[in-house]
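>>> Build me a structure from this.
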Amino acid sequence: MSSRRIFARPARFAAIAPYVWMVLFFLVPFAFVLKISLSQTAIAQPPYAPVFDLTAGWDALRGAFAALSADNFKLLVSDDIYVFAYMRSLTVAVTATALLLLIGYPIAYGMARLPKRWQAVAMVLVIVPFWTSFLIRIYAWINILQHDGLLNQILLALHLVSQPVVWLSTDTAMYIGIVYSYLPFMILPLYATLAKMEPALEEAAADLGAPPWQVFWLVIFPLSLPGVGAGVLLCFIPIVGEFVIPDLLAGSNALMIGQTLWLEFFTNKDWPVASAAAIVLLMVLLVPLLLYERLQKRQLEHGR
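Alright, predicted model coming up:
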């Protein structure tokens with residue numbers, strides 16, 4: 001047996017493995033959620049009907065398929081609670097992602113221009129928060145932002161405010177928590193792109209008479225767009241479905257879609273509506289992914 005045949009089979013299995021993973025851990029669970037979203041709420045276990053019973057025969061399966069309907073999706077469109085939850089989630093995600101880009105870009109640029117030996121130190125400082133539990137970090141922010149917390153103590157000591165500011169249960173606290181938690185996801189892809197950029201390009205633009213802002217806008221920023229796109233997607237997509245940070249830091253007057261899903265699943269026990277909301281959320285999040293893929297293809301075509 002030739003060496004080519006010996007290595008061909010493992011290579012074939014390695015090529016198939018990602019597709020098997022996607023089928024088992026994405027498509028199969030997605031099919032279950034889709035089926036539940038087309039069911040109706042029932043006081044039973046599980047709390048929906050119809051339930052597919054393979055032992056009941058083909059006639060029962062046909063009846064179960066016939067009982068499926070899209071009523072839950074119609075409810076999502078007609079009920080203002082769900083529409084508002086989607087709109088608020090998208091608004092929060094866009095605003096928070098914009099803040100992350102404004103804060104993360106200068107940090108990533110500064111890291112990329114550090115001497116090589118200091119870049120590793122800066123990278124460790126960015127990654128260090130991941131060594132602590134996400135939930136513990138959010139509870140730490142609750143202590144910082146509470147009425148007699150560290151932030152109000154500093155503001156009072158500096159005489160910037162005359163009385164403690166109400167931070168908790170506000171959108172401001174929520175944005176602080178989101179920006180703090182997702183900032184590394186914005187910095188890392190930006191840094192990876194900016195670090196590969198040749199400093200000679202900036203020097204050449206400056207030698208041709210371009211002011212610093214023009215060098216940034218016409219040279220640096222266009223070349224860093226792949227990192228910008230990756231950072232925006234890494235932050236925007238999970239923020240849309242964020243549950244923990246809005247639930248602990250924001251007020252309960254306006255819910256995001258993640259909180260709405262939690263209430264439908266665990267409080268109202270309405271699995272079909274919650275599943276339909278999750279399916280719609282997935283479809284919404286596919287839009288930025290498809291746009292990013294199309295932009296990547298266009299850049300490759302222009303590069304050729």
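>>> May I have stretch 20-34 as CSV, with CA atoms only?
C-alpha atoms of stretch 20-34 as CSV (Å, rounded to 0.1, in the frame of the first residue of the first chain):
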residue,chain,number,x,y,z
VAL,A,20,-20.5,16.1,10.6
TRP,A,21,-20.0,18.5,13.5
MET,A,22,-22.3,21.1,11.8
VAL,A,23,-25.0,18.5,11.2
LEU,A,24,-24.9,17.0,14.8
PHE,A,25,-24.5,20.2,16.8
PHE,A,26,-26.3,22.8,14.6
LEU,A,27,-28.7,21.4,12.0
VAL,A,28,-30.2,18.6,14.2
PRO,A,29,-30.8,21.0,17.2
PHE,A,30,-32.1,23.6,14.8
ALA,A,31,-34.6,21.1,13.4
PHE,A,32,-35.9,20.4,16.9
VAL,A,33,-36.3,24.1,17.7
LEU,A,34,-38.0,24.7,14.3
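>>> Rounded mean pLDDT for that stretch, please.
Across stretch 20-34, pLDDT averages out at 91.
>>> for stretch 128-140, same thing?
Here the average pLDDT along stretch 128-140 is 90.
>>> what distance separates it from the centre of its chain?
When distances are taken as C-alpha atoms, centre = their mean, to the nearest Å, stretch 128-140 is centred 17 Å away from the chain's centroid.
>>> List of residues touching it?
Under the criterion C-beta atoms under 8 Å, 6 or more residues apart in numbering, residues G177, Y180, S181, P184, V244, I245, L248, L249 lie in contact with stretch 128-140. Just so you know, the C-beta spots here come from the backbone N, C-alpha and C atoms, and that holds for glycine as well.
>>> which pair in these spans the largest distance?
P184 and L248 (19.7 Å; C-beta to C-beta).
>>> hang on, the earlier thing: tell me which entries of the contacts of stretch 128-140 lie within helices.
G177, Y180, S181, P184, V244, I245, L248, L249 (DSSP state H).
>>> pLDDT weak spots in the chain?
Filtered on pLDDT under 70, the chain yields the residue ranges 1-11, 54-56, 302-304.
>>> who touches A157 in this structure?
Taking C-beta under 8 Å, 6+ apart as the test, A157 contacts no residue whatsoever.
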